[in-house]
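S.K.: just to be clear, the model below is a prediction. Sequence and coordinates:
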Amino acid sequence: MTTTPSGSGPVPDSDDVRRIALALPQTAEKQAWGMPTFRVAGKMFLTVPDDETSFAVRCPMHERGELIAAEPEKFWVPPHEAGSNWVRVRLAALDDVDELRDILLDSWKQAAPADLVAAYLTTG
């Protein structure tokens, strides 16, 4: 069994990504471009490419550069996505499932309607 870089448990996998994403309110899974994508209120916030070793999430451009500079082993952007507000995340580089949950929640909050985000954060 492969453990996380922090040694805190097993490396999260694509099943964890799917489970956590679908637990977020009003999230639906939809196939697009031959891969699973996850949407809230019709807006995509997550994709899981074919190899399932990474995932892509929404990330404001000004934050993306900082993330990649701070942890290039964890975050990156393929050349064809350089102009987008998305960043890729390597599953094997995550500290644990809690970090995965935080990243997915942050992306979900960027796509979800404000009233849904507020309701989730007060009850969530």
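M.R.: Now that the structure is in, tell me what you want to look at.
S.K.: now do the strands in the protein.
M.R.: Counting by DSSP state E, the chain has strands at residues 27-32, 35-40, 43-47, 54-58, 75-76, 86-90.
S.K.: contacts for stretch 69-85?
M.R.: For stretch 69-85, contacts defined as CB atoms under 8 Å, 6 or more residues apart in numbering pick out 56, 58-61, 64, 67-68, 86-90, 93-94. To be clear about C-beta, it is placed using only N, CA and C from the backbone, and glycine gets the same treatment.
S.K.: span of that stretch from start to end?
M.R.: 16 Å (CA to CA, to the nearest Å).
S.K.: buried set for that stretch?
M.R.: Across stretch 69-85, burial judged by 16 or more other CB atoms under 10 Å covers Lys74, Phe75, Trp76, Val77.
S.K.: and the second one, how close does it get to Glu29?
M.R.: The gap separating Phe75 from Glu29 is 23 Å, by CB to CB, to the nearest Å.
S.K.: over to the third one?
M.R.: Trp76 is 24 Å from Glu29, where distance means CB to CB.
S.K.: same question, the first one
M.R.: In this view, Lys74 and Glu29 are 24 Å apart by CB to CB.
S.K.: next one: Glu81
M.R.: According to CB to CB, Glu81 and Glu29 sit 21 Å apart.
S.K.: what stretches of the protein score poorly on pLDDT?
M.R.: 1-8, 124 (pLDDT under 70).
S.K.: buried ones in stretch 100-111?
M.R.: Buried-residue list, stretch 100-111, by 16+ other CB under 10 Å: Leu100, Arg101, Ile103, Leu104, Leu105, Ser107, Trp108, Lys109, Gln110, Ala111.
S.K.: equivalent analysis for stretch 33-43, please.
M.R.: Residues Pro36, Thr37, Phe38, Arg39, Val40 are the ones in stretch 33-43 that count as buried (16+ other CB under 10 Å).
S.K.: just the residues you listed now: which is nearest Val48?
M.R.: Nearest to Val48, judged by CB to CB, of the buried residues of stretch 33-43 is Pro36 at 4.8 Å.
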